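Participant: next comes the sequence, and after it the predicted model I'd like to discuss.
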Amino acid sequence: MSNLPLRRRTAAAAIAATALGLATPLVRAQTTRIRVSTIPIIDIAPLQVAIAKGYFAAEGIEVDTTPTQGGAAGIPALAAGQVQIVFSNVVSIIQAAKQGLGVQIIAPASTTGDAPPDQAALIAKKGAPFKTGKDFEGKRIAVNTRNNIIWLYARAWVRATGGNPDAVTYLEVPFPQMVDAVRGDRVDAAFAVEPFVSGGVAADMQVVGYPYTQVQKRLPAAQYAASKSYIEQNPKVIEGWVRAYQKGVDWVNQNLKSEELLTIISGYTRMPPQLIAKLGVTAYEKAVDPAALVPVVDQMRRNGLLEGPFDPKSILYRTALKA
Amino acid sequence: MDARVNSPAYLALSGVGKTFGSGAGQTEALGEIELAVREGEFLAIVGPSGCGKSTLLQIAAGLAQATRGTVQFHGEEVTAPPPGIVYLFQQYGRSLFPWRTVLDNVAFAVEHLPGMSRAKARASSRLYLDMVGLGDFAGHYPAQLSGGMQQRVTIARALAAQPRVLLMDEPFSSVDALTRLELHALVQDLWRKHGFTAVLVTHDADEAIFLADRIAVLSARPSRVVRMLETGLPRPRDRLETPLMPRYLELRHELLAMLLGKAP
Amino acid sequence: MSAVTPSRKRLQSWLGPGVLLVLVLLLELATRAGWINPVLVPPPSAVAQRLFAVVTAGSIFEPLGRTMYLLVVAYAIGCVLAIGLGVLMGRFRPIHGLLEPLVEVLRPLPKPALLPPLMLFLGLGDTMKITAVSLGVFFPVLINTIQGVRGVDPVLVEVARTFQHSRAALLWKVVLPSAMPLVLAGMRIALGIALVLVVVAEMMAGSGGIGYLIIDLQRSFRIVDMYAWVVILAVLGYALNEVFVRIERRAIHWSGARAG
């Protein structure tokens, strides 16, 4: 083409661009764009798998992820319409619903088991003298945001192990920066989640406790939620999204120890694979048990996060319930 | 009178010269000044504009440095403002602290002296304010006073320091003619009462003749003392009567001729 | 052009608050009608109600007290250091020459950007916050002090010399009072900066105070309370400025320069 005079070349390029431009709406009309606000932690592995393996694309959905510090930051973005689905801890979701932000859970993300070890742990420097909640009085614990599940169960753990939760300072540090914060003495300990726990322990950290399971079993820690209005206007999209997501859950549950899964996790968390080699991934749920939300609501009341009546079933959309 | 004529040099300027700048752009303001001020006298220094009268006075006050020659006060060389000499500024308005009352401006002259408390300083300042007729304005601020009144405050302040020598740099050139005459009378009065040595720089011939015992006439740049006149007029001098005396008129004629003749 | 009559002046002085009132009413209408999402931007009347509740319940005092404590301490430290150094730098060329490059590098830095490094070095407690806020206060006061000191009328300096005041007295009695109008102008700017910085520091490294509380309320989606506290902050800023302007007017009544 280079031997054509400039004017001819420009004309040819313009025609090609117009043709492409006209064709694109046809293609786009069949895909829905969904932006999901996430936190780069182990809980969202099935989501990342579903994206990587094209399960969403097969449902005609294009998924965009945007990382945040936590649900407390993601939910306002949902209310403002900047994201359509938010990955958030259940405590933030309940508070948002109570304050009238109209959030509904469409699928579970992570649930803890019956006994330790959890996928979330309280970590401190190796050799640090912390053993119980009493040791943390007057000290600083890192949480990703305050007033969410991490903060709530850090407090519950301090209380359960004999300390006064109000005598502890909780500082906000994003999950990926928690190990550095402990190492640099900006905090004394951090309530971190995988893969950052394994990453830290492989280096110079030790586990002090498991605030989730040491306080409560089978805790539905985090879920995916959307706004009531979006669900009402796009029920088919939501169903399609949940279907694709659950395929991702199935794949992960069948490939818990695989290299491929570790590589995917290493990718979106930016943790070098050798640091998280010892990471033990546990199976993911596909439904939320409303009864399991009741103890969470109780903890929230006890720590001043909730006042007045609240029915857990009111925040569960049917796609989150057992089929 | 005789004692004063024969007394040794009290404030002596020998060979004082001042050059500003260096190299090709330099200006020689003062050429070579020889001046012996007698104790207790009232000396006027007159000369054409730009002849460096103010610079000369500042050097005598220790506020500026001569390029050549020395200044001696009581036999000691002057390199910094010596105790006993007070300089009165031409820009009297700018020389008063606007954030201090009139009383506290006067007190500035003595408040830092050993043994002086704020109360004592203020009491003494009140006396001097009364002397210049501004006793009622002690609580005012300088900005609230007219030009003539501001000048009187600076005089009160200078006197409060009980100086041996008062160096006045064209102090009345920016007040109106009538106020000037009043201030002349005031200065003469205070000088006679307190007996300090006064050196007045002025371009006003009448002022010089009315106030001074001797008048040093400077040439244009680079200036030297070209003439020393003895006024020889009786004291106390009167604003209305003295200017009618033949001697006064002679001096005026001679002085103006020199000043005008020397003008470029 | 006709003269500004007393009645016109009265009208003009009501215009500013009047515009503000109209905007608030428009906002009330917009949020109640749902044109603006009332969950994200509550109606002003709801905010006012909550504000009243906070004040009458006394829960305003603890966070306000914490923030004010940090603000006052840091402001005082910043001003004293800045005025002291400013007088030295303004009067003595060698000192100025020595420190000016460092000042010129640090001054243009937006001080919130210094918070993360300060948190690394000084942790997250009061020391870090006071340091950060003092730094923010320091530079505008320093620059203005230097300017003010340099602008001292040389005649006044000579007056001090002819009356044989010491060098120290010259600085204290002549240079500093003379520089006051500019120094106070710098201090007024620094006051606004200090409030911003203390709130941001509390937000980033909080364990109390208004900044921490605002973040906390947002985390729990207690939007109306959050806005109530933002209003409290606005009122605090306004009140601090008004108090300062009044003090400034009294302190430099003698100066032609009038406070804004």
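Facilitator: Right, received. Where do you want to start? Keep in mind it's a predicted model, so treat the numbers as computed, not measured.
Participant: what does chain C put close to chain A?
Facilitator: C:37, C:39-40, C:119-120, C:123-124, C:205-207, C:215-216, C:218-223 (CB under 8 Å from any CB of the partner chain). No exception for glycine: its C-beta is placed from N, CA and C like everyone else's.
Participant: now, those that are in helices?
Facilitator: C:119-120, C:215-216, C:218-219, C:223 (DSSP state H).
Participant: can you redo those residues as a markdown table with distance to C:Ala33, pLDDT and neighbour count?
Facilitator: Shown next, in a markdown table, are these (distance: CB to CB, whole Å; pLDDT from 0 to 100; neighbours: other CB atoms under 10 Å in any protein chain shown):
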| residue | distance to C:Ala33 | pLDDT | neighbour count |
| --- | --- | --- | --- |
| C:Met119 | 44 | 81 | 21 |
| C:Leu120 | 48 | 77 | 14 |
| C:Ile215 | 30 | 91 | 20 |
| C:Asp216 | 31 | 90 | 23 |
| C:Gln218 | 25 | 90 | 19 |
| C:Arg219 | 29 | 90 | 24 |
| C:Ile223 | 18 | 91 | 23 |
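Participant: also near chain B: which of these, exactly?
Facilitator: Near chain B, judged by CB under 8 Å from any CB, there are no entries from these.
Participant: possible to save these as JSON lines with distance to C:Pro140?
Facilitator: JSON lines is the format used below for these (distance: CB to CB, whole Å):
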{"residue": "C:Met119", "distance to C:Pro140": "23"}
{"residue": "C:Leu120", "distance to C:Pro140": "25"}
{"residue": "C:Ile215", "distance to C:Pro140": "27"}
{"residue": "C:Asp216", "distance to C:Pro140": "31"}
{"residue": "C:Gln218", "distance to C:Pro140": "30"}
{"residue": "C:Arg219", "distance to C:Pro140": "33"}
{"residue": "C:Ile223", "distance to C:Pro140": "34"}
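Participant: and these, which two are furthest apart?
Facilitator: C:Leu120 and C:Ile223 (32.7 Å; CB to CB).
Participant: was I right about B:Arg94 contacting C:Val155?
Facilitator: Yes - with contacts counted by CB atoms under 8 Å, B:Arg94 reaches C:Val155, the gap being 4.4 Å.
Participant: run through the residues that contact A:Gln206.
Facilitator: When contacts are counted by CB atoms under 8 Å, 6 or more residues apart in numbering or on different chains, A:Gln206 touches A:123-128.
Participant: quick check, nearest of these to chain C?
Facilitator: A:Lys125 (15.5 Å; CB to the nearest CB).
Participant: so what's the residue count around the closest one?
Facilitator: 16 (other CB atoms under 10 Å in any protein chain shown).
Participant: and it, how far from C:Val157?
Facilitator: 60 Å (CB to CB, to the nearest Å).
Participant: do the same with C:Ser166
Facilitator: Relative to C:Val157, C:Ser166 is positioned 13 Å away (criterion: CB to CB).
Participant: mind checking which of those two has more residues around it?
Facilitator: Ranked by neighbour count (other CB under 10 Å), C:Ser166 and C:Val157 place C:Val157 first, with 17 against 11.
Participant: what is the nearest of the contacts of A:Gln206 to B:Leu211?
Facilitator: Distances from B:Leu211 to the contacts of A:Gln206, taken by CB to CB, are shortest for A:Lys125, at 88.3 Å.
Participant: what are the bridge partners for that closest one, then?
Facilitator: On the basis of DSSP bridges, A:Lys125 is bridged to A:Met205.
Participant: that one and A:Val201 touch, don't they?
Facilitator: No - contact status for A:Lys125 versus A:Val201: not in contact, 11.2 Å apart, counting by CB under 8 Å.
Participant: helix or strand with the lowest mean pLDDT in chain A?
Facilitator: Lowest mean confidence among the helices and strands of chain A (mean pLDDT, DSSP states H and E): helix A:6-28, at a mean of 62.
Participant: check contacts around B:Val132.
Facilitator: With the criterion set at CB under 8 Å, 6+ apart, B:Val132 makes contact with B:152-153, B:155-156, B:159, B:186, B:190.
Participant: and the helix or strand that contains A:Tyr245, which residues are buried?
Facilitator: Taking DSSP states H and E as the criterion, A:Tyr245 maps to helix A:235-254. Along helix A:235-254, these residues count as buried under the neighbour rule (16 or more other CB atoms under 10 Å in any protein chain shown): A:237-238, A:240-252.
Participant: so the residue of chain B found nearest chain A: helix, strand or coil?
Facilitator: Of all residues in chain B, B:Trp99 sits closest to chain A, with a separation of 48.1 Å (CB to the nearest CB). Following DSSP: H, G, I helix; E, B strand; the rest coil, we place B:Trp99 in the coil state.
Participant: tell me how many other residues crowd it.
Facilitator: B:Trp99 - counted by other CB under 10 Å - has 20 other residues nearby.
Participant: quick one, what contacts it?
Facilitator: For B:Trp99, the contact set (CB under 8 Å, 6+ apart) comprises C:177-178, C:180, C:252, C:254-255.
Participant: go again with 7 Å.
Facilitator: C:177, C:254 (CB atoms under 7 Å, 6 or more residues apart in numbering or on different chains).
Participant: and the helices in the chain?
Facilitator: Here I'm looking at chain A. Under the criterion DSSP H, helices of chain A are mapped to A:6-28, A:45-52, A:55-58, A:71-79, A:90-98, A:149-160, A:178-183, A:196-203, A:228-233, A:235-254, A:259-269, A:290-302.
Participant: um, chain C though
Facilitator: Going by DSSP H, chain C shows helices at C:6-33, C:44-56, C:61-91, C:93-106, C:115-122, C:126-150, C:154-162, C:167-169, C:176-204, C:209-219, C:223-251.
Participant: and the fourth one, what does it pack onto?
Facilitator: What that stands for is helix C:93-106. Helix C:93-106 sits against helix C:61-91, with contacts defined as 3 or more CB pairs under 7 Å, 6 or more residues apart in numbering or on different chains; DSSP states H and E.
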